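J.: Here is a sequence together with a model predicted from it:
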Amino acid sequence: MTLLTRWEPFREFSTMQDRMNRMNRLFRESYSPEGPEEALTTTNFAPPVDIYEDEHNIALKLEVPGIDEKDIDVRIEGNTLTVHGERKIEKEEKEENFRRIERQYGAFTRSFTLPSSVDPGEVSAHYDKGVLKINLAKKAEAKPKQIKVNVGSEKTLEAKAHGKAA
C-alpha cells in the first residue's frame, strides 16, 4: 500500500533552523568562560506575544513569568515599540542537585513597528501574573466613523438641505 504524505517545504526550513540553533548553543557551551552549565541557562530568549486589534485599540500580551516588573522596560521611540527585560538566574545553595534546566534566563528585547493609526501619547502597560499587557489606543481619525444613510430621492434631500419644502 502506498502512503501519500503532503510535502510542506517551510517545515524543512523550521527543522533546519532548530538544528542550527542547537549547534550554535553547543558551540557556545564549549567555549563559554563560565562553563557549559552557565552558558546553557543564560541564552537570550524572546517571550511569546499575542497581538489583538479592534476599532479602538491594539493590545499586546507578552508572557514574561518570573520577571519582576522593575526588570521590564517599555518604550516608544518614533514608530517603534520596544520591550526589554531580563529573567535573572536564581542562585541557590543546592545548585549541584539540578538534573536539567529548561527555563531560559537572560535579557530579551522585542521590537514592534507601530502603524500610523496608533496615538503614542495614549499607551498603557499592566503586569499581572506573569503577563505584560500593553494597550495602544488608536488616533481619533483612525477610528471608524458611522455615516447615516438617508432614505428618499436626491431632490428631496437637496431641498431639505437648502431649507425648501419638497
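T.: Great, that's in hand.
J.: Run me through the strand neighbours of the strand or helix carrying Leu62, direction for each.
T.: Using DSSP states H and E, Leu62 maps to strand 57-63. Note on strand 57-63: by DSSP bridges, its sheet partners are strand 49-53 (antiparallel), strand 131-138 (antiparallel).
J.: my guess is Asn21 is in a helix, correct?
T.: Yes - assessed by DSSP: H, G, I helix; E, B strand; the rest coil, Asn21 belongs to a helix.
J.: re earlier: list the buried residues in the strand holding Leu62.
T.: Asn57, Ile58, Leu60, Lys61, Leu62 (16 or more other C-beta atoms under 10 Å). To be clear about C-beta, it is placed using only N, CA and C from the backbone, and glycine gets the same treatment.
J.: next one: stretch 118-136
T.: Val118, Val123, Tyr127, Leu132, Ile134, Leu136.
J.: Show me what the fifth one is bridged to.
T.: On the basis of DSSP bridges, Ile134 is bridged to Leu60, Ala125.
J.: hmm, who's touching the strand holding Leu62?
T.: With C-beta atoms under 8 Å, 6 or more residues apart in numbering as the test, strand 57-63 has contacts from 47-53, 81, 83, 110, 112, 114-115, 118, 130-138.
J.: cool, and stretch 107-114?
T.: 44-47, 49, 51, 58, 60, 62, 76, 79-87, 120, 136.
J.: Can you name every helix or strand that whichever strand or helix holds His84 contacts?
T.: Assigned by DSSP H and E, His84 belongs to strand 80-87. Here strand 80-87 touches strand 72-77, strand 106-113, strand 131-138, going by 3 or more C-beta pairs under 8 Å, 6 or more residues apart in numbering; DSSP states H and E.
J.: What separation is there between the residue nearest to Ile51 when sequence neighbours are not counted and Val83?
T.: In space, and not counting its chain neighbours, Ile51 is closest to Leu60: 5.3 Å by C-beta to C-beta, 6 or more residues apart in numbering. Applying C-beta to C-beta, to the nearest Å, the value for Leu60 to Val83 is 8 Å.
J.: which residues are in contact with both of those two?
T.: Common neighbours of Leu60 and Val83 (C-beta under 8 Å, 6+ apart) are Leu132, Ile134.
J.: Emit the PyMOL select command for whichever of the contacts of stretch 107-114 are buried.
T.: Buried subset of the contacts of stretch 107-114, written as a PyMOL selection, criterion 16+ other C-beta under 10 Å:
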select buried, resi 47+58+60+62+76+81+83+85+86+87+136
